[in-house]
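Asks: Just the structure for this:
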Amino acid sequence: MDLSQEELAKKLDLAPMTLSRFERGVQVPRDVEVLARLRDAAIEANLPSDQMMFQGVILKILEQKSDYEVTVSARPVHTPESWQLMHAARIAALYFPNEAAAMRKAARMSLELVNEAIASVDFTVFDETVYVALEAKLDNLVTQWKFQQIKEQNQK
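Replies: Predicted coordinates for the structure are as follows:
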């Protein structure tokens, strides 16, 4: 990221010594919020494998918690790949109905989660906060779904 350890620690709201311990493998981050900040830094630096590693660890920690409604607060950041898919779907929905139909078929599980989120939002009071609430609900549903997937894999 072309940052000194002190600059990165400040950006992540960590003590430089804590970041040093993480880097050297002396200490492992276990706090979900710290992991979310590390994941966000990986997204910002466009390090896809690190993003998935942090997300996987976050999900494993959530699995150990008894509260199934735990969510990770992190600012929404889109990777180039997620931005590409979002806008390809938007353009297909507007101009290419056959491609949109194929996308719907291929994205069955994703659409189920999106539809569940849509059903939970009150559209009678429509303003800019509706989409924020919708995305928060969707993120929570996805986290719960991933949690359930990990739980089922561990039971096998």
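
Asks: CA atoms for contacts and neighbours, from now on please.
Replies: Fine.

Asks: what about residue 155, neighbour count?
Replies: 7 (other CA atoms under 10 Å).

Asks: Let me know the pLDDT of it.
Replies: Model confidence at residue 155, given as pLDDT, is 77.

Asks: same thing with residue 122?
Replies: The model's pLDDT for residue 122 equals 75.

Asks: ditto for residue 27
Replies: 84.

Asks: ok now do it, which residues does it touch?
Replies: Residues in contact with residue 27 (CA atoms under 8 Å, 6 or more residues apart in numbering) are 18, 21.

Asks: Recalculate using a threshold of 6 Å.
Replies: Counting by CA atoms under 6 Å, 6 or more residues apart in numbering, residue 27 makes contact with residue 21.

Asks: any chance you could map the helices in the chain?
Replies: Secondary structure of the chain (DSSP state H): helices located at 5-12, 16-24, 32-44, 48-64, 80-95, 97-106, 108-119, 129-155.

Asks: Any idea which of these has the lowest pLDDT on average?
Replies: Looking at these, the bottom one is helix 48-64 with a mean of 64.

Asks: Please report the distance of the closest residue to residue 89 other than its chain neighbours from residue 141.
Replies: For residue 89, ignoring the flanking residues on the chain, the nearest one in space by CA to CA, 6 or more residues apart in numbering is residue 100 at 6.7 Å. Using CA to CA, to the nearest Å, residue 100 is found at 23 Å from residue 141.

Asks: now do residue 110
Replies: Distance from residue 110 to residue 141, by CA to CA: 10 Å.

Asks: Those two - which one has more neighbours?
Replies: residue 141 (18 against 13).

Asks: Sort out which residues of stretch 123-132 are buried, please.
Replies: For stretch 123-132, a neighbour-count test (16 or more other CA atoms under 10 Å) marks residue 130 as buried.
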